[in-house]
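[1] No sequence on hand, only this structure:
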């Protein structure tokens, strides 16, 4: 057995507090919540549910749910909450109950939060929110300067200076919706719809807040410390 596989095995057996077995990552666009979620999942062996990714995956399946999602997305319509919950249920139902999960991209509004919490309860799961906090000014600064890979869709911040993706060699471009007007619309939606959802988790003392203004490594370190998994010096 290699050292790497031994370490991974140890992390898999690590006894997390059960309340941290289902983490829900929140943060306004540009906060880095997706990146932090993936990094934490890789290090501590979590499954990751990404709403957009799961929608695309399901749409390719030759199943009643897959056909339904494909039809809705091809018509350019928003996927209704009940269909999103079907997709979440399909995901959760196919993983062992002891598997830890990070949810990224939902719940985004109160109606969805209620459905989501009821669904988790049916599988004996309960979520804890993780909020990566940044200001609107910081979000706008990051979003207007970031690039995305044309091929693999990897996202690169202002500090990345190359013109090509370091993962697949694809060309880096600016996203069409990363203009100031579109960004302000998305941030306004976040304030109106998602912030009240976050407040619910705060009221129930099921929210961990992380300073997202820091560098990525510092954010990851604070996240580990607050979840009680940071390695001692």
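    Received the coordinates, thanks. This structure is a prediction, so every number in the text was calculated from the model and none was measured. Residues are numbered from 1 along each chain as shown.
[2] bridging residues for the most centrally placed residue in the chain?
    In the chain, the centroid-proximal residue (CA atoms, centre = their mean) is residue 104; its distance is 2.3 Å. Listed by DSSP bridges, the beta-bridge partners for residue 104 are residue 25, residue 50.
[3] quick one: it and residue 87, what's the gap?
    When CB to CB, to the nearest Å is applied, the distance between residue 104 and residue 87 equals 14 Å. No exception for glycine: its C-beta is placed from N, CA and C like everyone else's.
[4] now residue 212
    Remark: distance between residue 212 and residue 87 (CB to CB) = 27 Å.
[5] what about those two, which has more around it?
    Under the criterion of other CB atoms under 10 Å, the comparison of residue 212 against residue 87 puts residue 212 first, with 25 against 22.
[6] Please name the residues that touch the more buried one.
    For residue 212, the residues meeting the contact criterion (CB atoms under 8 Å, 6 or more residues apart in numbering) are 27, 31-33, 132-134, 138, 219.
[7] returning to what we had before: anything in contact with each of residue 104 and residue 87?
    Between them, residue 104 and residue 87 have residue 51 as joint contacts when contacts are counted by CB under 8 Å, 6+ apart.
[8] could you show me where the helices are in this structure, in order?
    With DSSP state H, the ranges of helices along the chain come out as 3-13, 33-44, 51-59, 64-74, 81-93, 110-122, 136-145, 180-189, 195-203, 216-226.
[9] for these, which one ends up most surrounded?
    Burial among the helices of the chain, expressed as mean neighbours by mean count of other CB atoms under 10 Å, is greatest for helix 33-44, which shows a mean of 19.
[10] can you give me how far stretch 171-185 is from the chain middle?
    Centroid separation for stretch 171-185 versus its chain: 19 Å, with CA atoms, centre = their mean, to the nearest Å.
[11] Kindly report the same for stretch 119-139.
    Distance, stretch centre to chain centre, for stretch 119-139: 8 Å (CA atoms, centre = their mean).
[12] number of nearby residues for residue 30?
    Other residues close to residue 30 by other CB under 10 Å number 25.
[13] Phi and psi next, for it.
    Here the main-chain torsion angles of residue 30 (degrees, to the nearest 10) amount to phi 90, psi 0.
[14] where in this structure is pLDDT low?
    Within the chain, the stretches falling below the threshold (pLDDT under 70) are 1-18, 231-233.
[15] could you redo the last one with a cut-off of 50?
    Within the chain, the stretches falling below the threshold (pLDDT under 50) are 1-15, 232-233.
[16] which residues touch residue 112?
    Shown here is residue 112, whose contacts under the criterion CB under 8 Å, 6+ apart are 81, 84-85, 106, 197.
[17] so which pair among those residues is furthest apart in space?
    Farthest pair in the contacts of residue 112 (CB to CB) is 85 and 197. Separation: 14.9 Å.
[18] what's the spacing between residue 162 and residue 154?
    Going from residue 162 to residue 154 by CB to CB gives 12 Å.
[19] What of residue 112?
    Note on residue 112: its distance to residue 154, by CB to CB, is 27 Å.
[20] And residue 68, by the same measure?
    Shown here: residue 68 relative to residue 154, a distance of 29 Å by CB to CB.
[21] do residue 48 as well
    Using CB to CB, one gets 15 Å for the distance from residue 48 to residue 154.
[22] just residue 211 next, same as before
    Distance of residue 211 to residue 154, computed by CB to CB: 25 Å.
[23] More neighbours: those two, which one.
    When neighbours are counted by other CB under 10 Å, residue 211 and residue 154 differ, and residue 154 comes out ahead with 16 against 11.
[24] Now the more buried one: phi and psi?
    Phi and psi for residue 154, reported as degrees, to the nearest 10, are phi -60, psi 150.
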